[in-house]
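> have a look at this prediction, sequence included:
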Amino acid sequence: MRDFKLHRRQVFQGLIALSAVGGIAACSEQTNSSSDATADSAISSGLFDAADMALIAALSETLIPRTDTAGAIDAEVPDTLQALATDWGDEGFQSYWLTGLANLRTVLNERAGARFETLEHSQRGEVLSAYDRAVFDGDIEDGFYRDFKNTVIQAFYMSEPGATEALAYEPVPGEWIGCVPLSDYPKNWAT
Amino acid sequence: MAEFDVIVVGSGMSGGWVAKEMCEQGFKVAVIERGRSISPTEDYSDFINPWDVEHLNRKTAQDLEDYRIQSEVYAFQSYTRQFWVKDTEHPYETAEGTDFRWLRGYHEGGKSIMWARQSYRLSEIDFRANKTDGHGVDWPVRYDDLSPWYDYVERFAGISGSVEGLEILPDGIYQPPHDLTCAELDFRDRIEAEFPGRRVIPGRAANLTEPTQEQMDLGRGKCQARNHCFQGCSFGAYFSSNSATLPAARRTGNLTFISDRAVHKVIIEEATGKAAGVETVDTKTGERSRVTARVVFLNAGTIPSTMIMLNSASEQAPNGLGNSSGQLGRNLMDHHSGARGSAILPGHLDKHTFGRRPNGFYIPRFRNHTEEAEGFVRGYGYQGGAMRTSWWSAMDKKGIGDELKFDARTPGPWRISVVAFGEVLPNERNQIRLHPNKTDKWGFPIPILDAAWGENERNMVRQATRDTRAMLEAAGGIDIQTEDPETVEPAPPGIGIHEMGTARMGRDPSTSFLNKWNQSWDIPNLFITDGSFMSSGGCQNPSLTYMAFSARAANHAAELMKDGTI
């Protein structure tokens, strides 16, 4: 299981790299859904095609990058979103996400002057940071982006790497202490 | 010759106690439970990690359909749905213009698995309340009658709490309390300074903080501060029928536990007018059968016990069994909530908490006690907590990358949340009826719940909201959030999950259903010790009171059985 997870993380890093040379995006443009059997089998199948997943992976990792602790791809956030949209989401949710992602892709590509997922990590950060600021300062209305970002945050901090590395998690604390120095427990508890 | 000495209908909070007491007295007891048996290894979900939760814990369309009402309760999650009834299988109706959210679980242990474990005694003030202001009927007991039984059940169940010496909230036998957080201690000091007579104390919860030998002998262990209680507890660290009373009953060798059998009627022996047993239906096969005993205890829960008696109507008792008073099904109560508030408490940014407290703080009732009130009688108590805001505060907020990760991992300010639970007056108009022609899939008439809160409850929730605001302000709170105190309405009946009162006890058989021993005035070998008996509700969470009355009634019935009276 652990090996499988490692493998999946590599796949997502690979997906972004692949996008960087335009493979998936080109493919997606031709057929409106990926016909690249290799790419399809490399990602979890479901509502989002390979091109969507490449964008989701790029956005997630830009929102929550790997630093000294795990990032969104380490935590398989794109898979979690795929499963959520595919297995949990109803038609309304699915079309909201597909439309929302498509719009976000257009907007970000326009701002980037290139395909968002083909940018270097730092460039993606600049583009998304500016957009994020514009949305939360109220200059741009984008409810989908807000929902997307919240879902990524939730998926990451409920994941094992998110809960145990980025935050602190005690499955069985053993006791309750109402007042401890923050310096002893400086991170937020995952639950 | 009856098959059993005692039948106990229902295995929840109160039924477990009757079973334990009767088994320990040497009687052969049949507990008849309409739901399935619970196996901790299969049914408890207390070892689930955040990443084990499916779909980021969002409710599925199927859940919302199957559990339309149950899915609204805080303790309903994707990993606890096994403890809640499917609303599609257990329909009920509400009278036109009324609302009632009936929340329940049908399985071994009933709601004692999912309860919030808050355990407070009623006080002498509560037992005198009906007599004092004229609502309902006078309780046939006083605090002194119950005090030793509160001691008895607290010692066995294990309640964590602090001794405070308050008349409105009598002290009990406690294991060490859960600490207040630093922000709560500060809040306490400010509130108690600003409002003499108000107190902020640790919640009293049925979680073992220092288990006794008796508790450990039953396989129960110390609370591990996981706050996973409503998922079931593999440590047996909070009181439930499953962790405590049923194991105690089983080890006597006197318990027969019959699961998956719903009781529809109490059988009355024509010659004597006494209860002879119950009629049951197998909930899986539909097969009907009788179980007989010398004594019958109804502990199915307030609404189901009332339905059983209404459904046991006969020529001799056309309005329901034992209902010569006409009070059966009336005076349906709950606790009303709705006076909520929240605020940031500044300071203490160098402090944090460790562990997950299955509890909070409590502010005992002060209105119509240490402080006057306008527009209502009785009062309310508050439950709350103040914790540092956690990773979710990074949501709905600007920032990506390192900034977002920093926001998510860095504890935010202390945020306090409080909610008042208020007393609901006994009112004959609030009632349970059986539907004249609709039945459930087992052929049992479904109930019609007909309850609405009145001016007293409305005025109370508005004052409680004003008081919430004033306390949050006095504590130096910022970003104070409450409802508008001039327009707030009490939450609908049922939401408190403290339904009670529909077979009240009293001093007069013409105005009450039960005598002071929880014994039917009309049928001497029929007892009810679930919430139905409550003559008034107080504002305290009622389970501890059900436990005390159950133990007391069972021991009284045992005496009557031993001397041959019943």
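Perfect, I can see it now.

> when you work out contacts or count neighbours from here on, use the C-alpha atoms and nothing else.
Fine.

> average pLDDT for the helix of greatest length in chain A?
Once chain A is assigned using DSSP state H, the helix that runs over the most residues is helix A:91-112. Average pLDDT, helix A:91-112: 98.

> in terms of secondary structure, what does the helix or strand just after that helix contact?
Next helix or strand after helix A:91-112 toward the C-terminus (DSSP states H and E): helix A:121-136. On a contact count with 3 or more CA pairs under 8 Å, 6 or more residues apart in numbering or on different chains; DSSP states H and E, helix A:121-136 meets helix A:50-63, helix A:91-112.

> please identify the most buried of the ones you listed.
Of all the helices and strands packed on helix A:121-136, helix A:50-63 has the most neighbours on average by mean count of other CA atoms under 10 Å in any protein chain shown, namely a mean of 26.

> low-confidence ranges, chain A, go.
Chain A contains residues with pLDDT under 70 at A:1-43.

> nearest to residue B:230, out of the helices and strands packed on helix A:121-136?
Taking CA to CA, helix A:91-112 is the member of those nearest to residue B:230, at 30.0 Å.

> the closest one and chain B in contact?
No - Helix A:91-112 does not reach chain B (CA under 8 Å from any CA of the partner chain); its nearest approach is 11.2 Å.

> what residue in the stretch 51-200 of chain B comes nearest to chain A?
In the stretch 51-200 of chain B, the residue found nearest to chain A is residue B:181; the distance is 4.1 Å by CA to the nearest CA.

> what helix or strand does residue B:101 sit in?
Residue B:101 belongs to no helix or strand, assigned by DSSP H and E.

> which ones are touching it?
Residues counted as contacts of residue B:101 (CA atoms under 8 Å, 6 or more residues apart in numbering or on different chains) are B:69, B:492, B:493, B:494, B:495.

> skipping adjacent residues, who's closest to the fourth one in space?
So that's residue B:494. Once flanking residues are discounted, residue B:494 sits nearest to residue B:101: 4.5 Å by CA to CA, 6 or more residues apart in numbering or on different chains.

> could you tell me how many residues sit around the residue lying closest to residue B:486 once chain neighbours are set aside?
Closest residue in space to residue B:486, ignoring its immediate chain neighbours: residue B:462 at 6.3 Å, by CA to CA, 6+ apart. Around residue B:462 there are 21 other residues, counting by other CA atoms under 10 Å in any protein chain shown.

> count of neighbours near the residue of the stretch 51-200 of chain B closest to chain A?
Residue B:181: 27 surrounding residues under other CA under 10 Å.

> measure the residue nearest the centre of chain A to residue A:136 for me?
In chain A, the C-alpha nearest the mean C-alpha coordinate belongs to residue A:60, at 2.4 Å (CA atoms, centre = their mean). Distance, residue A:60 to residue A:136, using CA to CA, to the nearest Å: 18 Å.

> residue B:442 too?
The span separating residue B:442 from residue A:136 equals 55 Å under the rule CA to CA.

> got a markdown table for the helices and strands packed on helix A:121-136, with distance to residue B:364 too?
A markdown table is the format used below for the helices and strands packed on helix A:121-136 (distance: least, CA to CA, whole Å):
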| stretch | distance to residue B:364 |
| --- | --- |
| helix A:50-63 | 46 |
| helix A:91-112 | 45 |
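
> correct me if wrong: the residue of the stretch 51-200 of chain B closest to chain A contacts residue A:179.
Yes - the criterion here is CA atoms under 8 Å, and residue B:181 meets it with residue A:179 at 5.3 Å.

> common neighbours of the two, please.
Counting by CA under 8 Å, 6+ apart, the common neighbours of residue B:181 and residue A:179 are residue B:353.

> wait, which of the helices and strands packed on helix A:121-136 is closest to residue B:125?
If you check each of the helices and strands packed on helix A:121-136 against residue B:125 by CA to CA, helix A:91-112 wins as the nearest, at 53.7 Å.

> can you give me how far that closest one is from the chain middle?
A distance of 14 Å separates the centroid of the chain from that of helix A:91-112, by CA atoms, centre = their mean, to the nearest Å.

> on that earlier part again, select, out of the helices and strands packed on helix A:121-136, the one closest to residue B:471.
When the helices and strands packed on helix A:121-136 are ranked by distance to residue B:471, counting by CA to CA, first place goes to helix A:50-63 at 39.3 Å.

> how about residues contacting the helix or strand just after the closest one?
Downstream of helix A:50-63, the first helix or strand assigned by DSSP H and E is helix A:77-83. Judged by CA under 8 Å, 6+ apart, the contacts made with helix A:77-83 from elsewhere in the structure are A:43-48, A:53, A:56-57, A:60, A:72, A:151-152, A:155-156, B:55.

> any idea how far residue B:430 lies from residue A:64?
54 Å.

> how about residue B:475?
As for residue B:475, its distance to residue A:64 is 37 Å (criterion: CA to CA).

> in terms of neighbours, single out the busier of the two.
A side-by-side neighbour count of residue B:475 and residue A:64, using other CA under 10 Å, places residue A:64 first with 26 against 22.

> quick check: phi and psi at that one.
Residue A:64 adopts backbone torsions of phi -130, psi 80, taken as degrees, to the nearest 10.

> OK, contacts around it?
If a contact means CA under 8 Å, 6+ apart, then residue A:64 has A:71, A:72, A:153, B:400, B:401, B:402, B:404, B:405 as its contacts.

> go through these and flag which are in helices.
Mapping these onto helices (DSSP H) picks out A:153, B:402, B:404, B:405.

> can you name the two of these that are farthest apart?
A:153 and B:402 (12.9 Å).

> more neighbours: which of these two?
For the pair residue A:153 and residue B:402, the greater number of neighbours falls to residue A:153 (26 against 15), based on other CA under 10 Å.

> can you pull the contacts of the more buried one?
Residues touching residue A:153, when contacts are defined by CA under 8 Å, 6+ apart, comprise A:64, B:392, B:394, B:395.

> and if we set it to 7 Å?
The neighbours of residue A:153, taking CA atoms under 7 Å, 6 or more residues apart in numbering or on different chains as the test, are residue B:395.

> who in chain B is up against chain A?
Counting by CA under 7 Å from any CA of the partner chain, the residues of chain B close to chain A are B:50-51, B:55-56, B:60, B:179-182, B:224-226, B:350-357, B:390-391, B:395-401, B:405, B:409-411.

> please narrow those to those residing in helices.
With helices identified by DSSP H, the entries of the residues of chain B next to chain A that belong to them are B:182, B:405, B:409.

> could you count how many residues lie near the first one?
Which is residue B:182. 21.

> so it touches residue A:180, yeah?
No - because the distance of 8.5 Å does not satisfy CA atoms under 7 Å, residue B:182 is recorded as not touching residue A:180.

> which one of the contacts of residue A:64 is nearest to residue B:73?
Each of the contacts of residue A:64 was scored against residue B:73 by CA to CA, and residue A:153 proved nearest at 24.8 Å.

> the closest one and residue B:333, how far apart?
Distance of residue A:153 to residue B:333, given as CA to CA: 42 Å.

> next, the angle helix A:121-136 makes with the longest helix of chain A.
When axes from the mean of the first three to the mean of the last three CA atoms, to 10 degrees is applied, the directions of helix A:91-112 and helix A:121-136 differ by 120 degrees.

> and the angle for helix A:91-112 with helix A:50-63?
When the same axes, to 10 degrees is applied, the directions of helix A:91-112 and helix A:50-63 differ by 70 degrees.

> export helix A:91-112 as PDB, just CAs?
Output for helix A:91-112, consisting of C-alpha atoms alone and laid out as PDB, is shown next (Å, rounded to 0.1, in the frame of the first residue of the first chain):
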ATOM      1  CA  GLU A  91     -24.800  15.900 -11.300                       C
ATOM      2  CA  GLY A  92     -25.100  19.500 -10.100                       C
ATOM      3  CA  PHE A  93     -21.800  19.200  -8.200                       C
ATOM      4  CA  GLN A  94     -20.100  17.600 -11.100                       C
ATOM      5  CA  SER A  95     -21.100  20.100 -13.700                       C
ATOM      6  CA  TYR A  96     -20.300  23.000 -11.300                       C
ATOM      7  CA  TRP A  97     -16.800  21.600 -10.900                       C
ATOM      8  CA  LEU A  98     -16.200  20.900 -14.600                       C
ATOM      9  CA  THR A  99     -17.400  24.300 -15.600                       C
ATOM     10  CA  GLY A 100     -15.600  25.900 -12.700                       C
ATOM     11  CA  LEU A 101     -12.300  24.200 -13.600                       C
ATOM     12  CA  ALA A 102     -12.700  25.100 -17.300                       C
ATOM     13  CA  ASN A 103     -13.200  28.800 -16.400                       C
ATOM     14  CA  LEU A 104     -10.400  28.800 -14.000                       C
ATOM     15  CA  ARG A 105      -8.100  27.300 -16.600                       C
ATOM     16  CA  THR A 106      -9.100  30.000 -19.100                       C
ATOM     17  CA  VAL A 107      -8.600  32.800 -16.600                       C
ATOM     18  CA  LEU A 108      -5.300  31.500 -15.300                       C
ATOM     19  CA  ASN A 109      -3.900  30.800 -18.700                       C
ATOM     20  CA  GLU A 110      -4.800  34.200 -19.800                       C
ATOM     21  CA  ARG A 111      -3.100  35.800 -16.800                       C
ATOM     22  CA  ALA A 112      -0.100  33.500 -17.200                       C
END
